[in-house]
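J.: Give me coordinates for this.
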Amino acid sequence: MSQEVHYCLGGCSREIPFEEVLCPSCEVEYGSEKSAWPKWLIQQRHEELRIRRKDEDNRSTHQCMAGCGKRITYQFAICSSCEQIYGNKIEKWPGWLSFLWRDEMRIRRDTARINQKEVSFSDLDSNLEE
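T.: I've put the predicted structure just below:
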């Protein structure tokens, strides 16, 4: 499975592992201690963390399947207001609502399966003969 990468925040545009902030050469130039970094680099790091948090938030919530538009926790199909209308058992929901939720679960399973088994071009051996 491929390792997630992003660009070095030091401005050199090198790809580095997602959990790192600076590539080795920028770390030599700016240091590994954040307190020694120039202000622009600290601001860039804060912006990257803000974007990452926003991405994680979007993955952990979704809209209520009943169509009211409320954002709810990823594991639930409908919000508490819609649950009072339709109930909390999928067997008692209208056919369209149970179809939407089952289809969403199928998509999530397929996505998880793909993420586990997919091989990207970067994972392939660069010495393969044509």
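J.: hmm, which helix or strand of the protein has the shakiest average pLDDT?
T.: helix 39-60 (a mean of 69; mean pLDDT, DSSP states H and E).
J.: show me where the chain has helices.
T.: Assigned by DSSP state H, the chain shows helices spanning 24-30, 39-60, 80-86, 95-117.
J.: mind giving me a markdown table with those and columns for distance to Pro17 and mean neighbour count?
T.: Every C-beta, even on glycine, is put in place using the N, C-alpha and C of the backbone. Formatted as a markdown table, the helices of the chain follow (distance: least, CB to CB, whole Å; neighbours: other CB atoms under 10 Å):
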| stretch | distance to Pro17 | mean neighbour count |
| --- | --- | --- |
| helix 24-30 | 12 | 14 |
| helix 39-60 | 14 | 11 |
| helix 80-86 | 41 | 14 |
| helix 95-117 | 18 | 11 |
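J.: Let me have these in a markdown table, adding distance to Val5 as columns.
T.: Compiled in a markdown table, these are given as follows (distance: least, CB to CB, whole Å):
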| stretch | distance to Val5 |
| --- | --- |
| helix 24-30 | 14 |
| helix 39-60 | 13 |
| helix 80-86 | 40 |
| helix 95-117 | 16 |
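J.: Between those, which one is closest to Lys70.
T.: Lys70 lies closest to helix 80-86 among the helices of the chain, at 7.3 Å (CB to CB).
J.: so where's the chain uncertain?
T.: Along the chain, segments meeting pLDDT under 70 span 1-4, 50-60, 118-130.
J.: follow-up on the earlier one: wait, which of the helices of the chain is closest to Gly69?
T.: Among the helices of the chain, helix 80-86 comes nearest to Gly69, with 10.4 Å by CB to CB.
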